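Participant: With the sequence up front, the predicted model follows.
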Protein chains: 2
Amino acid sequence: MASNNHRHHHRASTALASDACIARLSLYVRELARLGTQRISYVSSRRLAEPLGLTDAQIRRDLSQFGQFGTSGRGYEVQRLHDRLTTILGVSDRTWNVALAGVGNLGAALLAYRGFRERGFLFRAIVDADPSKVGRVIQGLTVGSAQHLPELVKQHKIHIGVIAVPVESAQAVCDQLVASGVRAIVNFAPIHLEVPSTVWVRAMDLAIELESLAFYLARTA
Amino acid sequence: MASNNHRHHHRASTALASDACIARLSLYVRELARLGTQRISYVSSRRLAEPLGLTDAQIRRDLSQFGQFGTSGRGYEVQRLHDRLTTILGVSDRTWNVALAGVGNLGAALLAYRGFRERGFLFRAIVDADPSKVGRVIQGLTVGSAQHLPELVKQHKIHIGVIAVPVESAQAVCDQLVASGVRAIVNFAPIHLEVPSTVWVRAMDLAIELESLAFYLARTA
DNA sequence: CACTGTGAATGCATTCACAGCG
DNA sequence: CGCTGTGAATGCATTCACAGTG
């Protein structure tokens, strides 16, 4: 989130790149895909950086953490770099199963968004605590009861849980997801979720973004 | 945006706190409000930090940039600190006028979310490029034509623009907002918006969050 | 010659650790 | 004694600048 994402995980393994760097890799993939559709075959770090509002040095530094992908004097081969980065990000050939908890307005919006499917993120199970919503079919998926979340997670081999429930039940839903084996969560509820250090959480908190803007506006009005 | 939010603004004025710090101030306000409803009148930096997943030192450091609010041996008076921070954030006594461009699923979800109104962010104008949507009433607001965005911005004295349109038209809508005098924008489209350095942009990019999670899952599977 | 990849320098944010206060 | 506020230390991310390469 913005940037907003805390990292207090203590992993022994290999030194991972920073959150910010990983987020930028996604940006590079997007821009490379766009360049690909324009039949552009080579791109320099400078040209890749410009439309993203970044610097050439930053791109080279980010990429250098994962290997050497460029050619001196020529730049990067668009298709090749795209493929390498999607592999690094784990979105090249495989798909990820996503569960959605909370089918309110926001949940429905997430289900309707095409971008996820294109990148290999597939909603496999959706649940809601409201009995009147259970059984409804949205985007081809039947809304399940919140009680069945654990078994749905196992049944569909869910990798990522998306929490779009009211703040009061967010931690409980999170606990259920974690207990069922989910190790990655996107949280839209305005609360810090307590999870074991083996679980990754990303917070999407729009109210915080608005308040940040209010701060800057109030100072420069 | 997430941290994801880049900052490449060159402001002469007083040294502003970092984006991350401002975002945390919002978290403090939230937690203080919660403590207030529990009739807790004093809180130490440690007790404030814990439920937010932060450290006591960080809270004291953040607050110290804006003044001295605590009492040695006692901690912070909940109500007083809450009031001071909302004032600093610019959300204490005033309201902010928000315009929404793009009334799709996401836009509708944003309109329906109560949290914004509570914090003083009021949707005043909504527009969509789809003629079949123009004239519809959502949450008490009539959908206007996208062409009328500039005059609506002026008419309603819009402070903040929210872009929830397809990626193809995001930059154009952004340009319209900026030309109409909007100096703060929340962008949900997966593209880097080009704006003058006097305008603040926050990116909300869910696809990037999901890909970051995929990266970590792929490494620790 | 145009560009990459990377040591070195810089700049920031976070953490430590403690003097000083109520 | 418990806690704040803050210099000092640390740790990271970004930027600089350039040797090396196709």
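Facilitator: Cool, the structure landed.
Participant: Where does pLDDT dip in chain A?
Facilitator: By pLDDT under 70, the weakly predicted segments of chain A are A:1-15.
Participant: Going by residue numbers, what spans are helices in it?
Facilitator: Secondary structure of chain A by DSSP state H: the helices cover A:19-37, A:45-49, A:56-64, A:78-89, A:105-112, A:114-118, A:149-155, A:167-179, A:206-220.
Participant: counting contacts, what elements does the fourth one pack onto?
Facilitator: Going back to what we said before, that points to helix A:78-89. When contacts are defined as 3 or more C-beta pairs under 8 Å, 6 or more residues apart in numbering or on different chains; DSSP states H and E, helix A:78-89 packs onto helix A:19-37, strand A:42-43, helix B:206-220. The C-beta positions use only the backbone N, C-alpha and C, and glycine is treated the same way.
Participant: swap in the third one?
Facilitator: Identification of packing neighbours for helix A:56-64 by 3+ C-beta pairs under 8 Å, 6+ apart yields helix A:19-37, helix A:45-49.
Participant: Could you confirm whether the first one reaches chain B?
Facilitator: Yes. Helix A:19-37 lies within reach of chain B by C-beta under 8 Å from any C-beta of the partner chain, at A:Asp19, A:Ala20, A:Ile22, A:Ala23, A:Leu25, A:Ser26, A:Leu27, A:Val29, A:Arg30.
Participant: Tell me how many other residues crowd the last one.
Facilitator: Going back to what we said before, that points to A:Arg30. By other C-beta atoms under 10 Å in any protein chain shown, 22 other residues sit near A:Arg30.
Participant: and the closest residue in space to it that isn't next to it in sequence, what is it in contact with?
Facilitator: Excluding its sequence neighbours, the residue lying closest to A:Arg30 (C-beta to C-beta, 6 or more residues apart in numbering or on different chains) is B:Pro190, at 6.5 Å. Shown in contact with B:Pro190 (C-beta atoms under 8 Å, 6 or more residues apart in numbering or on different chains): A:Arg30, A:Gly115, B:Val167, B:Asp205, B:Ala207, B:Ile208.
Participant: Number of residues surrounding the nearest residue in space to A:Leu193 that is not next to it in sequence?
Facilitator: In space, and not counting its chain neighbours, A:Leu193 is closest to A:Cys174: 4.7 Å by C-beta to C-beta, 6+ apart. Burial measure for A:Cys174: 24 neighbouring residues, criterion other C-beta under 10 Å.
Participant: do A:Arg60 as well
Facilitator: 17.
Participant: ok, now A:Ala221?
Facilitator: 8.
Participant: got it, and A:Leu16?
Facilitator: Residues near A:Leu16, counting by other C-beta under 10 Å, number 16.
Participant: Which two among the contacts of B:Pro190 are spaced furthest apart?
Facilitator: B:Val167 and B:Ile208 (13.3 Å; C-beta to C-beta).
Participant: the more surrounded of those two?
Facilitator: B:Ile208 (27 against 13).
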